[in-house]
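K.L.:
Quick one: sequence plus predicted model below, questions after.
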Amino acid sequence: MKRILCLSAALLALGVFAAVPAAAQSYPQRPVTLVVPFPAGGGSDALARLIGRGLEKDLGQAVVVENVPGAGSTIGFNRVANAEPNGYTILWGSSSGLVMAPHLYPRLQYDSFKSFEPIGMVAYSPYVLATGAISPFQTFDQLRAHAKAHPGQLNWASPGVGTSLHLTLLLMLEQMGVQATPIAYAGGAASMVGLLRNDVQFLVDIPSSVLPQVQAGKVRPLAVTTPERLSDLPEVATLAELGLKGFDSRAWFALLAPRGTPADVTGRLASALKRTLADPDALAAMKRTGFVASPSSPEELARRTREEHRSWGQVIQQHKVRIE
């Protein structure tokens with residue numbers, strides 16, 4: 001009997017000790033993949049890599065950026081929606097993929113609310129309304145007055161149907177109460193060429209695209225699309241200040257995980273993100289690329305997603321924008 005008791009105690013102890021490593025394991029134990037649903041080399045990709053380096057320092061594991069572009073970022077979103085919910089595959093989410101794409105793509109394979117766990121907001125970029133330096137418009141009011149007096153005669157650059165820039169201009173023109181003619185371009189770079197040639201008389205774009213042209217004297221900024229003025233263009237008023245009450249359009253980015261990822265894992269990621277966004281070097285690097293840090297709780301990210309999903313859905317439905 002004594003031998004049996006000793007053997008049982010030994011086996012129990014062995015079981016306890018065998019369980020310790022599993023219980024003591026802390027996330028992460030291996031590299032984390034950050035899926036960026038945009039091509040490498042762009043502004044969003046650069047920001048994602050900056051945040052990835054900050055997460056690496058905090059998590060103590062490599063954060064590997066995987067670019068999965070295509071179909072308006074929806075391919076990358078779908079990749080993460082179907083990943084194992086263990087925290088080792090996370091998403092560089094965007095406002096375009098979360099709140100606009102669901103209204104644009106009839107056969108979308110992910111759900112903005114059911115497919116992901118929110119981790120936190122990262123940053124946003126305002127847009128700048130600009131005209132070419134060779135245009136006659138010195139101010140936003142001059143542009144608006146001319147557009148009202150000559151319906152449909154001014155051209156604006158559309159860098160792709162359903163893009164956030166395209167939808168921002170639709171909303172702006174609607175609130176201005178004017179009609180203008182969209183000219184389709186294959187992206188922002190081509191749109192800027194059209195503006196410099198005066199083929200189009202205005203566009204909206206991110207600061208990192210507009211500011212170099214402003215500094216070169218080739219482009220004139222007329223307004224900023226967020227309620228806050230842009231620190232690099234402090235003299236340029238916001239659209240809200242210029243009469244478009246409550247106007248707020250921005251590109252924003254956030255971290256998300258597949259639905260079902262354990263709360264302690266998403267909490268660990270949220271803490272790492274929060275510390276990364278408090279790092280002075282990271283903040284300075286963001287500012288140089290035209291982004292503004294915008295840390296939030298997972299709950300705040302979920303709330304913003306719901307609100308903008310509803311508001312942009314109304315714009316898209318009203319203008320009958322659809323991508324097949």
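P.N.:
The structure has been received and is ready for your questions.
K.L.:
and Pro106, what pLDDT?
P.N.:
For Pro106, the pLDDT comes out at 88.
K.L.:
What of Pro21?
P.N.:
Taking Pro21 on its own, its pLDDT is 34.
K.L.:
ok, now the one 3 residues further on?
P.N.:
At Ala24, the predicted lDDT confidence score is 30.
K.L.:
For the chain, name the helix or strand with the lowest mean pLDDT.
P.N.:
helix 2-24 (a mean of 41; mean pLDDT, DSSP states H and E).
K.L.:
And the helices in the stretch 151-300 of the chain?
P.N.:
Under the criterion DSSP state H, counting those that start in this stretch, the stretch 151-300 of the chain contains helices at 164-176, 188-196, 207-215, 263-276, 280-288, 298-318.
K.L.:
Select, out of those helices, the one closest to Thr225.
P.N.:
Minimum separation from Thr225 across the helices of the stretch 151-300 of the chain (Cβ to Cβ) falls at helix 164-176, 6.1 Å. In this view, the C-beta of every residue, glycine as well, is placed from N, C-alpha and C.
K.L.:
pLDDT averaged over that closest one - what is it?
P.N.:
Mean pLDDT, computed over helix 164-176, is 96.
K.L.:
Tell me the buried residues in it?
P.N.:
Ser164, Leu165, His166, Leu167, Thr168, Leu169, Leu170, Leu171, Met172, Leu173, Met176 (16 or more other Cβ atoms under 10 Å).
K.L.:
what's the closest residue to Lys218 other than its chain neighbours in contact with, if anything?
P.N.:
Closest residue to Lys218 apart from its sequence neighbours, by Cβ to Cβ, 6 or more residues apart in numbering: Ala133 at 5.3 Å. Residues in contact with Ala133, defined by Cβ atoms under 8 Å, 6 or more residues apart in numbering, are Gly217, Lys218, Val219, Arg220.
K.L.:
what kind of secondary structure is the closest residue in space to Ala223 that isn't next to it in sequence in?
P.N.:
Using Cβ to Cβ, 6+ apart and skipping residues adjacent in sequence, the residue nearest Ala223 is Leu129, 4.3 Å away. What DSSP: H, G, I helix; E, B strand; the rest coil gives for Leu129 is strand.
K.L.:
ok, now Glu66?
P.N.:
Secondary structure assignment for Glu66 (three-state DSSP): strand.
K.L.:
so what's it bridging to?
P.N.:
Under DSSP bridges, the beta-bridge partners of Glu66 are Val35.
K.L.:
Can you verify my assumption that Asn198 contacts Phe137?
P.N.:
No: checked against Cβ atoms under 8 Å, the pair Asn198 and Phe137 is beyond contact range at 11.1 Å.
K.L.:
For these two, indicate the residue with more neighbours.
P.N.:
More neighbours surround Phe137 than the other of Asn198 and Phe137, with 19 against 13 (other Cβ atoms under 10 Å).
K.L.:
which ones are touching that one?
P.N.:
Applying Cβ under 8 Å, 6+ apart to Phe137 gives the contacts Thr131, Leu143, His146, Gln201, Phe202, Arg220, Leu222.
K.L.:
Same question for Pro221.
P.N.:
Residues near Pro221 by Cβ under 8 Å, 6+ apart: Val128, Leu129, Ala130, Val210, Val214, Leu233, Val236.
K.L.:
Which pair of these spans the longest distance?
P.N.:
Those two in the contacts of Pro221 that are separated most widely, counting by Cβ to Cβ, are Leu129 and Val214, at 12.0 Å.
K.L.:
So these two - more neighbours on which side?
P.N.:
Legend: neighbour count by other Cβ under 10 Å for Leu129 and Val214, higher for Leu129 (25 against 18).
K.L.:
Show the contacting residues for the more buried one.
P.N.:
Counting by Cβ under 8 Å, 6+ apart, Leu129 makes contact with Phe140, Met172, Phe202, Leu203, Val204, Pro221, Leu222, Ala223, Val224, Thr225, Leu239.
K.L.:
export these to JSON lines and tack on distance to Ala101?
P.N.:
Below are these laid out as JSON lines (distance: Cβ to Cβ, whole Å):
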{"residue": "Phe140", "distance to Ala101": "30"}
{"residue": "Met172", "distance to Ala101": "21"}
{"residue": "Phe202", "distance to Ala101": "26"}
{"residue": "Leu203", "distance to Ala101": "22"}
{"residue": "Val204", "distance to Ala101": "19"}
{"residue": "Pro221", "distance to Ala101": "29"}
{"residue": "Leu222", "distance to Ala101": "29"}
{"residue": "Ala223", "distance to Ala101": "26"}
{"residue": "Val224", "distance to Ala101": "25"}
{"residue": "Thr225", "distance to Ala101": "20"}
{"residue": "Leu239", "distance to Ala101": "24"}
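K.L.:
Mind checking which of these land in strands?
P.N.:
Mapping those onto strands (DSSP state E) picks out Leu203, Val204, Pro221, Leu222, Ala223, Val224.
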